[in-house]
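Peer 1: The following comprises the amino acid sequence and a computationally predicted model.
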Amino acid sequence: MLVGTAATQDQDTPARPPVAVSLELFLADVGTRAFRFAETGLRNREDALDAVQDAMMKMLGYRERPPAEWTPLFWSILRRKIVDLQRRGNFRLRWLAPASERSEDSQIDWADSAAGPSQSHDQREAYARLVSGLRTLPARQREAFTLRVLEELDVADTATAMGCSEGSVKTHLSRARDALRKQLEDFR
Amino acid sequence: MTSATDKQHPFDRDLQQLHAAAVRNISADTLARLRVARHGLARPAPRHRHAWRWIAAAALPAILAVAIGVQFLPLSQPVPGAAPVIAGTETGDYADSVTALDENPDLYLWLASPEALPLAME
């Protein structure tokens, strides 16, 4: 009985990653994933870096919060920062920027890999397709899928980060998964 | 829908692996920027990256407005010191006259005398 209950809890609640011992370690761990999240939403490398940096700066103000709260708090801050930059981006006069800057910033950031260039190229192409598919989704569906599936947050943390109910997270996730399956047939 | 179920799904698992590869393959330049950003040293005010455009857009009309305003400034500005002198003079004359009348009761005596009546009737 006790074992059965524990097994059920394990299924409902995923094994949480170990909590970082300091905020600096937490930010060091989440930084690259946050950049990928922001890059997908903002379609611009510089804006993504700005969003991540601003979110990190703001997280410093929550240093005293319990470490268990850092993950949903950080993603919530970053999500709001991305929305803010997206709104500001609508007013930004991008045509003032040089054409070279615009084209380079809009591409997916990817390291030049000397070892296994073929595999790296395939991964880059596949990830570009994933990002392209994510960008076609409504923002809420993209957030739900990214946080819940790619970042492996549980439903409660995803709901906290998105500022909505757990039921909404499941609805957005289901719709996002259906839409992505249609777009990414190769991954089925 | 549980997380365990999500993880077991090949579609989710494949995308997780792809995402993990993408996180590992971030360029060295971006990694360096993120590392420096964590310390808040490289770009203390990232939102000012496009600030020069806004500053230029705001400063140019302001400079033009000041330039045009300066051209009208000498015409609209009163002559320094002129108005106070005139006002002071008028006020001073009036005060002197009243003082003179107050100090000369003969005028009022003459006005009350029969000699002033024909003059007033003319």
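Peer 2: On my side now, so go ahead.
Peer 1: quick one: which helix or strand includes A:Cys164?
Peer 2: Counting by DSSP states H and E, no helix or strand carries A:Cys164.
Peer 1: And for the one 4 residues further on?
Peer 2: Using DSSP H and E, A:Ser168 sits within helix A:166-183.
Peer 1: and that helix, anywhere near chain B?
Peer 2: Yes: Helix A:166-183 lies within reach of chain B by CB under 8 Å from any CB of the partner chain, at A:170, A:173-174, A:177, A:180-181. Yep, even glycine has a C-beta here, placed from its N, CA and C like the rest.
Peer 1: Just the buried residues of these.
Peer 2: Those of these that meet the buried threshold are A:170, A:173, A:177, A:180, by 16 or more other CB atoms under 10 Å in any protein chain shown.
Peer 1: out of these, which one sits closest to chain B?
Peer 2: A:Lys170 (5.8 Å; CB to the nearest CB).
Peer 1: ok, that closest one touching A:Thr158?
Peer 2: No: contact criterion CB atoms under 8 Å: A:Lys170 and A:Thr158 do not qualify, at 9.3 Å.
Peer 1: And what about A:Trp110, helix, strand or coil?
Peer 2: For A:Trp110, the assignment made with DSSP: H, G, I helix; E, B strand; the rest coil gives coil.
Peer 1: distance of it from A:Ser120?
Peer 2: Noted for A:Trp110: a distance of 8 Å to A:Ser120, by CB to CB, to the nearest Å.
Peer 1: got any residues that touch both of these two?
Peer 2: B:Asn25 (CB atoms under 8 Å, 6 or more residues apart in numbering or on different chains).
Peer 1: Check which helices and strands the lengthiest helix in chain A is in contact with.
Peer 2: For chain A, the longest helix by residue count, based on DSSP state H, is helix A:70-91. Other helices and strands packing on helix A:70-91, by 3 or more CB pairs under 8 Å, 6 or more residues apart in numbering or on different chains; DSSP states H and E, are helix A:23-42, helix A:45-59, helix A:155-162.
Peer 1: Would you point out which residue is most central in chain A?
Peer 2: What sits nearest the mean C-alpha location of chain A, by CA atoms, centre = their mean, is A:Phe37, with 3.1 Å.
Peer 1: Does that residue touch A:Lys81 like I think?
Peer 2: No: A:Phe37 is beyond contact range of A:Lys81, at 10.7 Å (criterion: CB under 8 Å).
Peer 1: how's chain A carved up into domains?
Peer 2: Chain A breaks down into these domains under automatic domain parsing: A:17-106, A:117-183.
Peer 1: Confidence-wise, which of those domains is weakest overall?
Peer 2: The stretch with the lowest mean pLDDT among the domains of chain A is domain A:17-106, at a mean of 83.
Peer 1: Report the distance from that one to the chain centre.
Peer 2: Relative to the chain's own centre, domain A:17-106 is displaced by 9 Å; criterion: CA atoms, centre = their mean, to the nearest Å.
Peer 1: re earlier: who touches both of A:Lys170 and A:Thr158?
Peer 2: Joint contacts of A:Lys170 and A:Thr158 (CB under 8 Å, 6+ apart) do not exist.
Peer 1: which parts of the longest helix of chain A are buried?
Peer 2: Under the neighbour-count rule (16+ other CB under 10 Å), helix A:70-91 has A:70-82, A:85 buried.
Peer 1: Which one of those is nearest to chain B?
Peer 2: Nearest member of the buried residues of helix A:70-91 to chain B, counting by CB to the nearest CB, is A:Leu85, at 9.1 Å.
Peer 1: I'd say that closest one and A:Ala51 touch.
Peer 2: Yes: judged on CB under 8 Å, A:Leu85 makes contact with A:Ala51 at a distance of 5.6 Å.
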